[in-house]
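Colleague: The sequence isn't on hand, but the structure is:
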């Protein structure tokens, strides 16, 4: 099981420096988890992920269940062995992809029926099934199955949905057997504070070792996202890790760390990298731009990653324009390292009790 | 400049163990050069190439001239710095791609006019231009511009073509200025031994520090290729490295090493890898096959590469089926390592004076 402790409380905000101890290693929080959808963080090796500073990655249960199949992964020794990543893995429950990739997913109190986006075959996920699949994968942290609330959604539908998520969370907990795996609950409630409060109370009453805030970053205004995230984070138990799912941009990570969020995940660093959109300490760089054609400087002179230490912007542009696989590698490596370095600076600011604004991070 | 010495003569064949010394490092021969068409050996980092055992790679002048442009590469410190590969590089002259990618290329005594496969723009390559471009790239070994003889081709056309190639070789040599770069001549003459002899004599009379056999592996029967290669190799100066261009399969490397060939290049290991076709000590593996779905064994139990040491066939299959970039990396790494290990065993056999057949390599 996991252990979470707060090492230091930021005096300028609700941010806290923490340590999440799992059987597969310790995670410094606030932390960002690169997304490894199909048993690989796209384009990177496990060794490179470690070099970037990643201490935990996320796997997508929906994808792994469909391909290669959780039973196959289990028979091969579990997800860690399968993908050669020996540090912690958090798996989502599959719920989010079931709904976002299946506009015709059919929900009942029992569970959700959906079609595979790969071959159209029909599948059924119940809370018990989602739990079983994540146990087979062998994640260090698993998530309860929930029904993500669409945006916008009226209060009545949002409340019906959050109640279903609470029932499902209780069933996940009852079904959960794997002692070395921590099961986190997820708070829903849409953009309504009273419903966020209701969901938080119901989920916290089930007593999970960690809590996620779901249903944000789904198309709402950023100020609304911040408002709901801050409100919900405040209500969550102080002694448990708080995970804001699917967020976000570097500045979101700073803002939400200040609210007392401890864990984040997002496809943004890796997906943007594959589109040539690179984060640097001097702003975003679209590496396909002509201006970099003969630019012999590193992508980000303030970055110590393999890409920035060894290659020029001109080379990165050339590889990208020439559609080379190595472009995907070097770009992803940099963006993932940028996010890890960003979180490191957030943690240092908490440790030294400096205002986040002083970091030039905003 | 380069130095070539024979360390040992195989008593079972014409194979020789050699050492090719260049300003950027020493190459054990017979050697295989992975192909880095666009300033990258597709999917691999320079460090991985080194780990595979590569001591020299090939760059394609045609591609680099068109994109990013040899002038850009030169302004950025040359091809080695550009791509972060500090060991030797051989560049071809661009001639082969000019003809194979441009069915409408127009040849005169002066040179060849062709259209870019990227944007249709018109370009002109003369022997002087091809030499200048390779000097700008900063290759350790450059090749003379030649007209590859198509297959089949009648004796009269083949002779006209080989004479043009001789004229061009002489012009390349006259134009060549870069002292740290070795310029190799190329023998043509199609599938006619008398014309191969004529070409060899003409090219050898120009006194190059190394010689390539061009115009083979262009669709002819394998026995004919072996026959012409062996015949031509025998005629070439013994004290200079012999390079068989664009060859080939692992068994071709053994067969042609036995003829006294010292250098090879081919896209096969990397291209096959990207198609899921993997070389192993127990034969070829098509990794997409269903039989590997739950196969927890390494791709090749006799291989010491990163892929084989850390991943199962089931994982490689999953990545390939899921169209993951990491599949391209792991597959290419293995195939390139397989070729390097194969050549290592060929060199050991020469060193220990064992018949190649004893290696189980054929």
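Modeller: All right, it came through fine. Just so you know, these numbers come straight off a predicted model, no measurement behind them.
Colleague: Now do the helix or strand where residue A:270 lies, average pLDDT.
Modeller: Assigned by DSSP states H and E, residue A:270 falls within helix A:268-274. Here helix A:268-274 scores 98 as its mean pLDDT.
Colleague: what helices or strands is that helix leaning on?
Modeller: helix A:325-351 (3 or more Cβ pairs under 8 Å, 6 or more residues apart in numbering or on different chains; DSSP states H and E). C-beta here means a position set from N, CA and C on the backbone, and glycine is covered the same way.
Colleague: circling back: given the very next helix or strand once past the helix holding residue A:270, what are its sheet partners and their directions?
Modeller: Once the chain leaves helix A:268-274, the next helix or strand it forms, by DSSP H and E, is strand A:277-278. Applying DSSP bridges, strand A:277-278 is found paired with strand A:285-286 (antiparallel).
Colleague: so how far is the partner strand from its chain's centroid?
Modeller: 24 Å (Cα atoms, centre = their mean, to the nearest Å).
Colleague: hang on, isn't residue A:233 packed against residue A:15?
Modeller: No. Using Cβ atoms under 8 Å, residue A:233 is not in contact with residue A:15; the gap is 10.3 Å.
Colleague: Return the residues in contact with the residue in chain A sticking out farthest from the centre.
Modeller: Most distant residue from the mean C-alpha position of chain A: residue A:294, 36.4 Å away (Cα atoms, centre = their mean). Neighbouring residues of residue A:294 by Cβ atoms under 8 Å, 6 or more residues apart in numbering or on different chains: A:314, B:72, B:75, B:76.
Colleague: So which of residue A:233 and residue A:15 has more stuff around it?
Modeller: Between residue A:233 and residue A:15, counting by other Cβ atoms under 10 Å in any protein chain shown, residue A:15 is the more crowded of the two (26 against 22).
Colleague: what pLDDT does that one get?
Modeller: What the model reports for residue A:15 is a pLDDT of 98.
Colleague: for chain B, what are the nearby residues on the stretch 201-350 of chain A?
Modeller: The stretch 201-350 of chain A comes close to chain B at residues A:293-294, A:296, A:310-312, A:314-315, A:317-319, A:321-322, A:324-326, A:328-329, as judged by Cβ under 8 Å from any Cβ of the partner chain.
Colleague: what do residue A:233 and residue A:15 both touch?
Modeller: Shared contacts of residue A:233 and residue A:15 (Cβ under 8 Å, 6+ apart): A:259, A:260.
Colleague: quick one: which of the contacts of residue A:294 is nearest residue A:338?
Modeller: Relative to residue A:338, the closest of those is residue A:314; by Cβ to Cβ it sits at 19.8 Å.
Colleague: right, and residue A:121 touches residue A:114 too?
Modeller: No. Here residue A:121 does not reach residue A:114: they are 9.8 Å apart, not a contact under Cβ under 8 Å.
Colleague: quick one: which of the two has more around it?
Modeller: Neighbour comparison, residue A:121 and residue A:114: the larger count goes to residue A:114, with 23 against 9 (by other Cβ under 10 Å).
Colleague: which is the next helix or strand following the helix or strand hosting the more buried one?
Modeller: Secondary structure assignment for residue A:114, by DSSP H and E: strand A:112-115. Counting by DSSP H and E, the element after strand A:112-115 in chain order, helix or strand, is strand A:122-125.
Colleague: Could you list every helix and strand in contact with that next one?
Modeller: Judged by 3+ Cβ pairs under 8 Å, 6+ apart, strand A:122-125 is in contact with strand A:112-115.
Colleague: chain center to the strand it packs on, what's the gap?
Modeller: Centroid separation for strand A:112-115 versus its chain: 23 Å, with Cα atoms, centre = their mean.
Colleague: and the end-to-end length of stretch A:104-120?
Modeller: One end of stretch A:104-120 sits 12 Å from the other (Cα to Cα, to the nearest Å).
Colleague: Quick check: buried residues in stretch A:20-40?
Modeller: A:20, A:22, A:24, A:27-40 (16 or more other Cβ atoms under 10 Å in any protein chain shown).
Colleague: So, low pLDDT: which residues of chain A?
Modeller: Across chain A, residues meeting the criterion (pLDDT under 70) sit at A:360-362.
Colleague: one more time with 50
Modeller: Counting by pLDDT under 50, the low-confidence segments of chain A come to A:362.
Colleague: how about the nearest residue to the residue most central in space within it, chain neighbours excluded?
Modeller: What sits nearest the mean C-alpha location of chain A, by Cα atoms, centre = their mean, is residue A:265, with 1.9 Å. Distances taken as Cβ to Cβ, 6 or more residues apart in numbering or on different chains put residue A:33 closest to residue A:265, at 4.2 Å, once the chain neighbours are dropped.
Colleague: thought residue A:288 was touching residue A:321?
Modeller: Yes. Residue A:288 lies in contact with residue A:321 (Cβ under 8 Å); the separation is 6.2 Å.
Colleague: More neighbours: these two, which one.
Modeller: Ranked by neighbour count (other Cβ under 10 Å), residue A:288 and residue A:321 place residue A:321 first, with 19 against 14.
Colleague: And that one, how far from residue A:143?
Modeller: 40 Å (Cβ to Cβ, to the nearest Å).
Colleague: ok, residue A:105 - how many residues close by?
Modeller: By other Cβ under 10 Å, 18 other residues sit near residue A:105.
Colleague: again with residue A:352
Modeller: That count, for residue A:352 with other Cβ under 10 Å as the rule, works out to 11.
Colleague: Phi first, then psi, for it.
Modeller: The phi/psi pair for residue A:352 (degrees, to the nearest 10) reads phi -90, psi 0.
Colleague: Report the residue ranges of every domain in chain A.
Modeller: Following automatic domain parsing, chain A resolves into domains at A:3-266, A:275-356.
Colleague: who wins for proximity to residue B:341 among the ones you listed?
Modeller: domain A:3-266 (20.6 Å).
Colleague: for the stretch 101-250 of chain A, what spans make up the helices?
Modeller: Secondary structure of the stretch 101-250 of chain A by DSSP state H, counting those that start in this stretch: the helices cover A:127-137, A:155-175, A:193-205, A:222-235, A:250-257.
Colleague: Quick one: those as JSON lines, columns for distance to residue B:149 too.
Modeller: Output for the helices of the stretch 101-250 of chain A, formatted as JSON lines (distance: least, Cβ to Cβ, whole Å):
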{"stretch": "helix A:127-137", "distance to residue B:149": "58"}
{"stretch": "helix A:155-175", "distance to residue B:149": "70"}
{"stretch": "helix A:193-205", "distance to residue B:149": "76"}
{"stretch": "helix A:222-235", "distance to residue B:149": "65"}
{"stretch": "helix A:250-257", "distance to residue B:149": "58"}
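Colleague: closest to residue A:356 out of those helices?
Modeller: helix A:250-257 (5.3 Å).
Colleague: I'd like the next helix or strand past the closest one.
Modeller: strand A:263-265.
Colleague: quick one: that following strand to chain centroid distance?
Modeller: Centroid separation between strand A:263-265 and its chain, computed with Cα atoms, centre = their mean, is 4 Å.
Colleague: likewise stretch A:81-100?
Modeller: 10 Å.
Colleague: Contacts (any at all) between chain B and it?
Modeller: Yes. Stretch A:81-100 reaches chain B (Cβ under 8 Å from any Cβ) through A:82, A:83, A:84.
Colleague: distance of the last one from residue A:44?
Modeller: Put plainly, it is residue A:84. 12 Å.
Colleague: What residues does the stretch 51-200 of chain A have near chain B?
Modeller: Going by Cβ under 8 Å from any Cβ, the residues of the stretch 51-200 of chain A near chain B are A:67, A:68, A:72, A:75, A:76, A:77, A:82, A:83, A:84.
Colleague: now do 6 Å
Modeller: Contact residues (Cβ under 6 Å from any Cβ of the partner chain) of the stretch 51-200 of chain A with chain B: A:68, A:72, A:75, A:76, A:82, A:84.
Colleague: What is the neighbour count of the second one?
Modeller: The number of residues packed near residue A:72 is 18, by other Cβ under 10 Å.
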